[in-house]
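In: After the sequence you'll find the predicted model.
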Amino acid sequence: MPSTPPIEVAEAVARVHRDEWGRVLAATARVTRDLDLAEECTQDAFERALERWPADGIPRRPGAWLTTVAGNRARDVVRREAHGRRVLPMLVVEEDDPTPYAAPHPVHDDRLRLVFTCCHPSLAPEAQVALTLRFVCGLSTVDVARAFLVQESTMAARLTRAKKKIAAARIPYRVPGPDELPGRLGPVLDVVHLVYTTGHVAPTGEGLVRTDLVEVAVSMGRMLHQLLPRETAVTGLLALMLLGEARRDTRVGAAGDLVLLSEQDRSRWDHELIEEATTLVAEALSTGPPDRFVVEAAIAAVHAESPSWEQTDWDEIVGLYDVLQGLWPTPVVRLNRAVAVGFRNGPAVGLEALAPLLDDPSIATYPYVSAVRADLLRRLGAWDEAAVAYEEAITLTENEVERAFLQARLAETQGHNRA
Amino acid sequence: MAKYLILIYGSEQEWDAQTPEELAAKEAGHIAFSTAAGSGRLTGEELESVATATTLRASGAEPTVTDGPFMETKEALGGFYVVDAEDLDAAIRLARMLPELGEQYGAVEVRPIVDHG
């Protein structure tokens, strides 16, 4: 058999790692009934692929190859330990359980079980995110730690604690039934959304976007939508992420600088993605009561479909923010609504809408409040006040790209001050 | 199957101030809980008020014995069950039925019990 060039093998393994890790681990966990061991066997199978594929060639169905290898190894270990001293509680796996969800078309997908186990409400939100990124998406502990700005040892300890709880408290490896699903889906979507937003504007660092996290979130969104096509919240979240993706390349200029929506080159937006997303939004709006993510996606869709910044339908956008506020009354939504009002009715009215938020302690350190206020004041020509607000925003932001943008705006307002 | 300790916390003031109707409703809630748990309900008791508690604390060779609960909190431990359940979801489904969760300060903690078997 002809040998396969190592570079091709490395690329193939990387691709399968990205696309199939969660599926391989989830299937293996059914054999091991122990997430730790499943993780070990999955890791091991990928290492075997790197060894074997150069000589044997890349299998036609690499995911199936890996699942078999990981499963065989898992069975070996389980057999060896069967008469051993394993007293640890086992993952609760329902044998041959026809997943109770969506009775006419039962969903049989181990990844979905894995997602619901990792995002069980009895686990702390930060543990849910960590487990999901490690187990479902296959990010290394180092990468997960880096994404959430904690030490690797801290993240490793967090994962160990969470795995221990899953076993000891017997958190089941199961997709919840239809009566429980709505409540259980919330944390899952929150995790995916958090991974997405963390990648969309990296909390610290030099680049604006962490592409790896964004891609992981989008691919989870696609998987969830494929498995739960009738859940409008899932459809909405996927659409929202796709609309962000469609504009990704135009958010940063040639010099790595931030480009605002008003300045973005709309011809460079990915119109295929926009079309896919707007179809999803329409589908979600027609199937059920509006959900937070559906309305957020609808807002993003209005922007994406507007031929130019000047033609933006601010009436529609403010109306959608009103709906969103009813569904999900948070300070951040009120802030975004104030921005939209500022564009529809002018900066003075925008400042009025913003006023009640300025004393809200829950977003006192949220850099966008100061940034929005600064922009409204700048557009009013209140240069002194605008400069103070820009300075505040600069102190609060941790992202270098955003900081550079705010600094440029500050210099501009200070120029007016002197004039 | 696995064993879980279900700890019921609440405000003693709230408990003491209950009308006979509220008390009857609560009893009905516990009967419903026990019916749902069936043979999975291994044991369960209501506790006397925290004012009757005695706490022993480690302090060198001899523990000190003091009046009162281990921790003074607004929500006091008022009762418990031990249940045998399929998994955490099943235990949570049972715990959700407890009438104390309808109170202002109610809380229910579900703790897995170590299986030494």
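Out: Ah, there it is. Numbering: from 1, shown residues only, chains lettered A, B, ... in the order given.
In: Let me know whether my guess that residue A:158 is in a strand holds.
Out: No: using DSSP: H, G, I helix; E, B strand; the rest coil, the assignment for residue A:158 is helix, not a strand.
In: What residues does it make contact with?
Out: A:126-127, A:130, A:150 (Cβ atoms under 8 Å, 6 or more residues apart in numbering or on different chains). Any C-beta I mention is one placed from the backbone N, CA and C, and that applies to glycine too.
In: got it, and residue A:287?
Out: A:230, A:232, A:235.
In: Which of those ranks first by neighbour count?
Out: residue A:235 (29 neighbours; other Cβ atoms under 10 Å in any protein chain shown).
In: which SSE is that residue in?
Out: helix A:232-246 (DSSP states H and E).
In: Just give me the neighbour total for residue A:286.
Out: Residue A:286, neighbours per other Cβ under 10 Å, totals 8.
In: pretty sure residue B:2 is touching residue B:113, no?
Out: Yes: Residue B:2 is within contact range of residue B:113, at 7.4 Å (criterion: Cβ atoms under 8 Å).
In: coming back round to it: quick one: mean pLDDT for the helix holding residue A:235?
Out: Helix A:232-246 carries an average pLDDT of 96.
In: Which strands and helices lie in contact with that helix?
Out: Using 3 or more Cβ pairs under 8 Å, 6 or more residues apart in numbering or on different chains; DSSP states H and E, the elements in contact with helix A:232-246 are helix A:181-200, helix A:211-227, helix A:271-287, helix A:292-305.
In: With mean pLDDT as new columns, can those helices be given to me in TSV?
Out: Below are the helices and strands packed on helix A:232-246 laid out as TSV (pLDDT from 0 to 100):
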stretch	mean pLDDT
helix A:181-200	89
helix A:211-227	88
helix A:271-287	95
helix A:292-305	96
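In: so which of the ones you listed gets nearest residue A:20?
Out: Residue A:20 lies closest to helix A:211-227 among the helices and strands packed on helix A:232-246, at 11.0 Å (Cβ to Cβ).
In: CA atoms only for that closest one, dumped as CSV, please.
Out: Presented in CSV, the C-alpha positions along helix A:211-227 are these (Å, rounded to 0.1, in the frame of the first residue of the first chain):
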residue,chain,number,x,y,z
THR,A,211,-11.5,32.0,15.4
ASP,A,212,-11.2,28.6,17.0
LEU,A,213,-13.8,29.4,19.7
VAL,A,214,-16.2,30.9,17.2
GLU,A,215,-15.9,27.9,14.9
VAL,A,216,-16.5,25.5,17.7
ALA,A,217,-19.6,27.3,18.8
VAL,A,218,-21.0,27.5,15.3
SER,A,219,-20.4,23.8,14.7
MET,A,220,-22.1,23.0,18.0
GLY,A,221,-25.0,25.2,16.9
ARG,A,222,-25.2,23.3,13.6
MET,A,223,-25.1,19.9,15.4
LEU,A,224,-27.9,21.0,17.9
HIS,A,225,-30.1,22.3,15.1
GLN,A,226,-29.6,19.1,13.1
LEU,A,227,-30.6,17.0,16.2
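In: Mind listing residues that contact it?
Out: Contacts for helix A:211-227 (Cβ under 8 Å, 6+ apart): A:18-19, A:22, A:107, A:109, A:111-112, A:115, A:132-133, A:136-137, A:139, A:143, A:147, A:188-189, A:192-193, A:195-196, A:198-200, A:231, A:234-235, A:237-238, A:241-242, A:244-245, A:248, A:280.
In: Produce a ChimeraX select command limited to the buried residues of the residues you listed.
Out: Applying 16 or more other Cβ atoms under 10 Å in any protein chain shown to those, the buried members can be selected in ChimeraX as follows:
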select /A:18,22,107,109,111,112,115,132,133,136,137,139,143,147,188,189,192,193,195,196,198,199,200,231,234,235,237,238,241,242,244,245,248,280
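In: near chain B at all, the strand or helix carrying residue A:24?
Out: According to DSSP H and E, residue A:24 maps onto helix A:6-32. No: Helix A:6-32 does not reach chain B (Cβ under 8 Å from any Cβ of the partner chain); its nearest approach is 14.9 Å.
In: Check which residues of that helix are buried.
Out: A:9, A:12-13, A:16-18, A:20-32.
In: For chain B, just list every one of the strands.
Out: Taking DSSP state E as the criterion, chain B contains strands spanning B:2-10, B:41-46, B:54-57, B:64-67, B:76-85, B:107-112.
In: Relative to the fifth one, what are the paired strands and their orientations?
Out: In the sheet containing strand B:76-85, its partner strands are strand B:2-10 (antiparallel), strand B:41-46 (antiparallel), by DSSP bridges.
In: about what we covered before: and which of the contacts of residue A:287 is nearest chain B?
Out: The shortest approach to chain B among those belongs to residue A:230, at 22.3 Å (Cβ to the nearest Cβ).
In: Report the separation between the closest one and residue A:297.
Out: Distance, residue A:230 to residue A:297, by Cβ to Cβ, to the nearest Å: 16 Å.
In: Residue 29 - nearest residue in space that isn't next to it in sequence?
Out: Since you didn't name a chain, this refers to chain A. If the residues on either side of it in the chain are set aside, residue A:29 comes closest to residue A:38, at 3.9 Å by Cβ to Cβ, 6 or more residues apart in numbering or on different chains.
In: that's the wrong chain, I meant chain B
Out: That would be residue B:99: by Cβ to Cβ, 6+ apart, it lies 3.0 Å from residue B:29.
In: neighbours around that neighbour, how many?
Out: Neighbour count for residue B:99, taken as other Cβ under 10 Å: 18.
In: Same check on residue B:64?
Out: Number of residues near residue B:64 (other Cβ under 10 Å) recorded here: 10.
In: what's near enough to touch it?
Out: Taking Cβ under 8 Å, 6+ apart, one finds B:56-57 in contact with residue B:64.
In: what residues are up against residue A:306?
Out: With the criterion set at Cβ under 8 Å, 6+ apart, residue A:306 makes contact with A:312-313.
In: go on, residue A:334?
Out: Residue A:334 neighbours (Cβ under 8 Å, 6+ apart): A:325, A:353, A:356-357.
In: run the last query once more with 7 Å
Out: By Cβ atoms under 7 Å, 6 or more residues apart in numbering or on different chains, residue A:334 lies in contact with A:325, A:357.
In: any idea which helix or strand comes after the helix or strand encompassing it?
Out: Residue A:334 belongs to helix A:331-345 when elements are defined using DSSP H and E. As assigned by DSSP H and E, the chain's next helix or strand after helix A:331-345 is helix A:347-354.
In: For residue A:319, give me phi and psi.
Out: Dihedral pair for residue A:319: phi -60, psi -40, per degrees, to the nearest 10.
In: per-residue confidence for it?
Out: pLDDT at residue A:319 comes out at 96.
In: Tell me how many other residues surround it.
Out: For residue A:319, using other Cβ under 10 Å, the count is 16.
In: distance of residue A:76 from residue A:25?
Out: As judged by Cβ to Cβ, residue A:76 and residue A:25 stand 17 Å apart.
In: about what we covered before: what angle sits between the helix holding residue A:235 and helix A:271-287?
Out: 160 degrees (axes from the mean of the first three to the mean of the last three Cα atoms, to 10 degrees).
In: Enumerate the residues of chain B near chain A.
Out: Contact residues (Cβ under 7 Å from any Cβ of the partner chain) of chain B with chain A: B:2, B:87-89, B:112, B:115.
In: ok, now which ones touch residue A:67?
Out: A:24, A:27.
In: Kindly list the longest helix within chain B.
Out: Counting by DSSP state H, the longest helix found in chain B is helix B:20-37.
In: from the chain's centre, how far out does that helix sit?
Out: Remark: helix B:20-37 is offset 14 Å from the chain centroid, using Cα atoms, centre = their mean, to the nearest Å.
In: so what does it touch, helix or strand wise?
Out: helix B:88-95 (3 or more Cβ pairs under 7 Å, 6 or more residues apart in numbering or on different chains; DSSP states H and E).
In: Can you give me the buried ones in the helix it packs on?
Out: B:88-92, B:94-95.
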